[in-house]
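Colleague: Need a 3D model of the following:
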Amino acid sequence: PLRVFWKISVPLARPAIAAGVLVTLMETLADFGVVSLFNYSTFTTAIYSAWGDFRSIEVAAQLASLLVLVSFFLIYFERKARGKAKYYSSDVSHIKAYYAKGLSGWLIFLFVFGVFMLSFAMPLLQILIWSAELFSVEWSDRYFDYFASSGILTFSATALTVVIATILALPSRQKSNSKSLQLLIRFSTLGYALPGSVMAVGLLYGVQNISLISIYFGGSSINHILFGSVALLLFAYVSRFMAIAYNSTSASGEQIKPVYEQSARLLGASRFRLIKEVYLPMMTPGILAGGLLVAIDVMKELPATYLLRPFGWDTLAIRVFELSSEGLFERAAIPALMMVFFGAIIMLLFNKLDSEQY
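Modeller: Just a heads-up that it's a prediction; the model follows:
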């Protein structure tokens, strides 16, 4: 079995492994909270310092440009490492799974159980202990505002992203026959390759340049309208997480056989009725899965939220970061536990919506 694993399973899983490594590298490159708490200087902390401490959008933009180059280099390297190799597999659902027994089985169990304990169970237990000890010290009415801000931003960004992703992912003959339209859709999903800090700085720099052009032609600046606005923050969320919603929704759309559209057309169904009664019901699982992933990502997003949020719109993630950066880890456990609770609500909500479809 071990030789089969290394000689067959691993090579077949190479595309998935390469994609997983790329996602891990991109998430590590984009991380802000952990590296900031450990006082480790990275591009993301330097970008935040350039804008947050020195209010220098030019320096922040230069650093963001370098980070973009690094991000696209990683994407290119992953594509190059994969090469032109393609892997195909047939239906293996009828093949009996291999069950590890004896020493190898126990080693696999201990490894998986150890990952579960270290990455989830033990941190959650510690958060529960700290929350119980310091709940009366940290809790105040401000947490209702934190929860409301997180909820409004999460559900607004999720709804916008899912609606746009669904429109882009709907099966269409025009989309299938138009290379330019496919390219535009591809470009609209590239935001996930950019760290949140880069996305925020890019938007700030773009708004500033638009204001300068407007002033040059005799108009007025729009900085005071868009800087620190919910609209700019939601635009950053949609641009950043469009790929997640689109990939999930598109995967469901690609499973719809063309014969369904042809049958509906023969029966005289309009485009609107075809979308309402055929496409949307069959794409619902992908839409809900994409919405769930977007909601979780928006809820815990920190760099873009920290740089673009309106005054007074502190979220639970920002509260966790602020308390942790001051060394108050025990008190930070309370907003962290609320984030876990908020994530559980989101999952239950999407599970309920999914169960109502069947």
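
Colleague: Keeping just the C-alphas, turn the helix or strand Ile129 falls within into CSV.
Modeller: Ile129 is located in helix 122-138, with elements delineated by DSSP states H and E. In CSV, the C-alpha atoms belonging to helix 122-138 read as follows (Å, rounded to 0.1, in the frame of the first residue of the first chain):
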residue,chain,number,x,y,z
MET,A,122,-6.9,22.9,22.4
PRO,A,123,-7.1,26.6,21.2
LEU,A,124,-10.9,26.5,21.5
LEU,A,125,-10.7,25.0,25.0
GLN,A,126,-8.2,27.8,26.1
ILE,A,127,-10.5,30.4,24.6
LEU,A,128,-13.4,29.1,26.6
ILE,A,129,-11.4,29.1,29.8
TRP,A,130,-10.2,32.7,29.3
SER,A,131,-13.7,33.8,28.3
ALA,A,132,-15.2,32.4,31.5
GLU,A,133,-12.6,34.0,33.7
LEU,A,134,-12.7,37.5,32.2
PHE,A,135,-16.2,37.8,30.8
SER,A,136,-17.3,40.4,33.4
VAL,A,137,-14.1,42.4,32.9
GLU,A,138,-14.2,42.7,29.1
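
Colleague: Pull out the buried residues from that helix.
Modeller: Using 16 or more other CB atoms under 10 Å as the test for burial, helix 122-138 gives Ile127, Trp130, Ser131, Leu134, Glu138. From N, CA and C alone the C-beta is placed, and that goes for glycine too.

Colleague: among these, which two are most distant?
Modeller: Ile127 and Glu138 (12.5 Å; CB to CB).

Colleague: helix, strand or coil for the closest residue to Glu277 other than its chain neighbours?
Modeller: Leaving aside its chain neighbours, Glu277 sits nearest to Ala269 (7.4 Å; criterion: CB to CB, 6 or more residues apart in numbering). On the three-state scheme (DSSP: H, G, I helix; E, B strand; the rest coil), Ala269 is labelled coil.

Colleague: how much space between Ala269 and Ser211?
Modeller: Per CB to CB, to the nearest Å, Ala269 is found 48 Å from Ser211.

Colleague: So these two - more neighbours on which side?
Modeller: Ser211 (19 against 16; other CB atoms under 10 Å).

Colleague: give the contact list for the more buried one.
Modeller: The contact partners of Ser211, by CB atoms under 8 Å, 6 or more residues apart in numbering, come to Ser221, Ile222, Asn223.

Colleague: at 10 Å what do you get?
Modeller: Contact analysis of Ser211 by CB atoms under 10 Å, 6 or more residues apart in numbering lists Gly219, Ser220, Ser221, Ile222, Asn223, His224, Ile225, Leu226, Phe227.

Colleague: And Glu301, by the same measure?
Modeller: 30, 32, 153-154, 157, 196, 199, 233, 236-237, 240-241, 315, 317-318.

Colleague: hmm, try it at 6 Å
Modeller: The neighbours of Glu301, taking CB atoms under 6 Å, 6 or more residues apart in numbering as the test, are Gly196.

Colleague: Torsion angles phi and psi at it?
Modeller: Dihedral angles of Glu301 (phi, psi; degrees, to the nearest 10) stand at phi -70, psi 130.

Colleague: Buried residues of stretch 224-241, list them for me.
Modeller: Neighbour-count burial for stretch 224-241 [16+ other CB under 10 Å]: 226-230, 232-241.

Colleague: and of the contacts of Ser211, the nearest to Leu203?
Modeller: Leu226 (8.3 Å).

Colleague: From Ser176, how far off is that closest one?
Modeller: Leu226 is 37 Å from Ser176, by CB to CB.

Colleague: Grab the nearest non-local neighbour of Leu323.
Modeller: Residue nearest to Leu323 in three dimensions, not counting chain neighbours: Ala332, with 3.8 Å by CB to CB, 6+ apart.

Colleague: Could you check how far the helix or strand of the chain with the lowest mean pLDDT is from the centre of its chain?
Modeller: Ranked by mean pLDDT, DSSP states H and E, the weakest helix or strand in the chain is helix 173-177, scoring a mean of 71. Taking the mean of its C-alpha atoms, helix 173-177 sits 28 Å from the chain's own mean (CA atoms, centre = their mean, to the nearest Å).

Colleague: do stretch 156-163 as well
Modeller: On CA atoms, centre = their mean, the centre of stretch 156-163 falls 12 Å from the chain's centre.
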